[in-house]
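**Q** everything below, folded, please.
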Amino acid sequence: MPEGDTVWRACKRLDQALGRQELTRTDFRVPSLATTDLSGRSVLEVVARGKHLLMRLSGGITIHSHLRLEGSWHLYRPGEKWRGGPDHQVRVVLETSAWVAVGYRLPVLELVATDAEGTVVGHLGPDLLSPDFDRDLALANLAAEPERTISEALLDQRNLAGIGNFYRVEVCFLLGLHPWRKAGSVDLAAAVDLSRRLMKANLRNATQVSTGIDRPGQRSYVFERAGKPCRRCGTTIQTAPIGEPPRERVSYWCPTCQPEA
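**A** Alright, predicted model coming up:
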């Protein structure tokens, strides 16, 4: 699932292309919005809230979308061939005089009043990439359930918004935390600060990197490296699911660098 930095970059691209421009044509291909026509409205801005995309239009309307596992937004010039997937996977087409934005496989696509965006993102904790990030609130949220594993606590978007599996796994490795450590026994401030620092650093990249080496096969310490040697000590990286169904996620860790005790 795309994480906060990936969604932030997608919003930036959409905002640069569509922002302050008038929509000349809209085509919603989901039953609930099939007859909706937003042509004539201007795109005021496109912003990220955690893993959610909010496209704010004139007239107080917001297009809310979420990518989850397979969704994506693509930008094309008028007349350019679309390459995001077969036509039946297109959920929405937004056109201006200069750009065509196509949303593929979007599992969440809806319209909400801009002044009621809280109904779709109000449950989220502080956004790690927001300039107004409320660190104290994020720490309080994480500390509220001390018996919960640090893995589950970091992934819970109600605690703080934006962290996904890549950052959760890599932060635990970098801090020497076993994935099943209880949140109450962890330096939560260090986990939050490192998560934010890594995510902000990756806003400049097209990929997610925790090692400082942006090359294939070298971008992570343990993420998706099950069965391979730890980059620090050579111990074989382990993997197992963590969390309760249906929210369990695959975890990766080094048994030596991240001891259970």
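**Q** in contact with the nearest residue to residue 27 once chain neighbours are set aside, which residues?
**A** In space, and not counting its chain neighbours, residue 27 is closest to residue 93: 4.1 Å by C-beta to C-beta, 6 or more residues apart in numbering. C-betas here are computed from N, CA, C, even on glycine. Taking C-beta atoms under 8 Å, 6 or more residues apart in numbering, we find residue 93 in contact with 25, 26, 27, 29, 100, 101, 102, 103.
**Q** just the ones in strands from those residues, please.
**A** Among those, the ones falling in strands (DSSP state E) are 25, 26, 27, 100, 101, 102, 103.
**Q** could I get those as a markdown table with distance to residue 146, pLDDT and neighbour count?
**A** Below are those laid out as a markdown table (distance: C-beta to C-beta, whole Å; pLDDT from 0 to 100; neighbours: other C-beta atoms under 10 Å):
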| residue | distance to residue 146 | pLDDT | neighbour count |
| --- | --- | --- | --- |
| 25 | 53 | 98 | 13 |
| 26 | 48 | 98 | 19 |
| 27 | 49 | 98 | 17 |
| 100 | 50 | 98 | 20 |
| 101 | 44 | 98 | 22 |
| 102 | 45 | 98 | 22 |
| 103 | 40 | 98 | 26 |
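**Q** what about stretch 98-112, distance to the chain center?
**A** Counting by C-alpha atoms, centre = their mean, to the nearest Å, stretch 98-112 is centred 16 Å from the centre of its parent chain.
**Q** what's the end-to-end length of it?
**A** End-to-end span of stretch 98-112 (C-alpha to C-alpha, to the nearest Å): 26 Å.
**Q** equivalent analysis for stretch 200-215, please.
**A** OK, stretch 200-215 end separation, C-alpha to C-alpha: 19 Å.
**Q** again, but for stretch 23-41
**A** Stretch 23-41: ends 6 Å apart by C-alpha to C-alpha.
**Q** could you do stretch 245-261 as well?
**A** 26 Å.
**Q** touching that stretch from outside, list them.
**A** For stretch 245-261, contacts defined as C-beta under 8 Å, 6+ apart pick out 151-152, 155, 165, 168-169, 172-173, 176-181, 221-226, 230, 232-233, 235-243.
**Q** where exactly do the strands run in the chain?
**A** Under DSSP E, the chain gives strands at 21-22, 25-28, 42-49, 52-57, 61-66, 72-76, 90-95, 100-104, 108-113, 238-242, 249-253.
**Q** flag every buried residue along the last one.
**A** I take that to be strand 249-253. By neighbour count on 16 or more other C-beta atoms under 10 Å, the buried set for strand 249-253 is 249, 251, 252, 253.
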